[in-house]
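>>> got a sequence here, can you build the structure:
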Amino acid sequence: MSTPLQEFDKQQAIRLEANCIIGIDEAGRGPLAGPVVACACFIPPALVSDFADVNDSKKLTEKKREEIYRRLIQAEVAYGIGFACAAEIDRLNILQATFLAMRRAAQKFLNLPHAIALIDGPHRAAGLQMRQEPVIDGDAKSLAIAAASIIAKVTRDHYMDLLDKLYPGYGFAAHKGYGTAKHMQFLREKGPCREHRRSFAPVHKLLHPSFLP
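Below is the predicted model of the structure:
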């Protein structure tokens, strides 16, 4: 018996006359530091039943996310990863940087005939040269998007673990760049590093205290 997430993708394929459903999701829009990471993911029909336990990454424990992530990347699941760094986020704004990461993630799928990308959220990915459909709360509805959410989240978490070693003293491995009390304490003590998003208000205020109340 198929799961609701699997059924959703089947129905979208029928409705949109597509033979290839690609889920696209991102991780890391909210943090004060680190990149935004997007994943585009296609699960071949023969493998769909192997991932009945896939769900929105936010609804899974870290241990479960890691376990599903390993299974996805070890199986013949096709996926691409795209990063937009802190400097690009500051230059473009977080929404446009997210679209940039999505375009980079989807590169390998651009020439697939009769494919459609299901994008998590209310927006189409600006500049993505393929058929696409936004799906609000897509990571809780679509198997392909949920799988993409897991790969994006775990990939970003691993990257933040690396940044913790490159920039010790900020606690990146613990908070992954989010604006926790500890992170704010470290920011006040050390000032921002090159991985901090200077356009985000808490960081901007530390750099330019006279411009914000």
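
>>> where in the protein is pLDDT low?
210-213 (pLDDT under 70).

>>> most centrally placed residue in it?
Glu26 (1.9 Å; C-alpha atoms, centre = their mean).

>>> using the three-state scheme, assign it.
strand (DSSP: H, G, I helix; E, B strand; the rest coil).

>>> wait, isn't it in contact with Val36?
Yes. Using C-beta atoms under 8 Å, Glu26 makes contact with Val36 at a distance of 5.7 Å. C-betas here are computed from N, CA, C, even on glycine.

>>> intersection of neighbour lists for the two?
98, 101 (C-beta atoms under 8 Å, 6 or more residues apart in numbering).

>>> how far does the helix ranked longest in the chain sit from the chain's center?
Longest helix in the chain by number of residues (criterion: DSSP state H): helix 143-166. Relative to its chain's centre, helix 143-166 lies at 7 Å (C-alpha atoms, centre = their mean, to the nearest Å).

>>> same question for stretch 44-51.
Put simply, stretch 44-51 sits 22 Å off its chain's centre (C-alpha atoms, centre = their mean).

>>> ok, and what's touching that stretch?
2, 6, 43, 68, 71-72, 75-78, 143, 147.

>>> coming back round to it: could you pull up phi and psi at the closest residue to the residue nearest to the centre of the chain other than its chain neighbours?
Once flanking residues are discounted, Glu26 sits nearest to Ala38: 4.4 Å by C-beta to C-beta, 6 or more residues apart in numbering. With angles defined as degrees, to the nearest 10, Ala38 sits at phi -120, psi 150.

>>> how many other residues sit next to Ala38?
Close neighbours of Ala38, defined as other C-beta atoms under 10 Å, add up to 33.

>>> spit out the contact partners of it.
Ala38 is in contact with 24-27, 81-84, 98, 101-102, 104-105, 148, 152, counting by C-beta under 8 Å, 6+ apart.

>>> same question, Gln132
Contacts of Gln132 by C-beta under 8 Å, 6+ apart are 24, 116-119, 124-125.

>>> still on that earlier bit, quick one: the residue nearest to the centre of the chain from Ala13, how far?
23 Å (C-beta to C-beta, to the nearest Å).

>>> with Arg156 instead?
28 Å.

>>> and Phe42, how close does it get to Ile24?
In terms of C-beta to C-beta, Phe42 sits 10 Å off from Ile24.

>>> what about the two, which has more around it?
More crowded of Phe42 and Ile24, by other C-beta under 10 Å: Ile24, with 34 against 21.

>>> give me the beta-bridge partners of the more buried one?
Ala40, Ile119 (DSSP bridges).

>>> heads up, I number from 41, so please use that
All set: I'll call the first residue 41, so the last point we hit is now Ile64.

>>> go ahead and confirm it touches Gly161.
No. Ile64 is beyond contact range of Gly161, at 9.5 Å (criterion: C-beta under 8 Å).

>>> show the contacting residues for the residue nearest to the centre of the chain.
76-79, 138, 141-142, 160, 192.

>>> what's the distance between it and Pro85?
Distance from Glu66 to Pro85, counting by C-beta to C-beta: 25 Å.

>>> follow-up on the earlier one: mind checking how far the residue nearest to Glu66 is from Ala166?
From Ala78 to Ala166 the distance is 13 Å (C-beta to C-beta).
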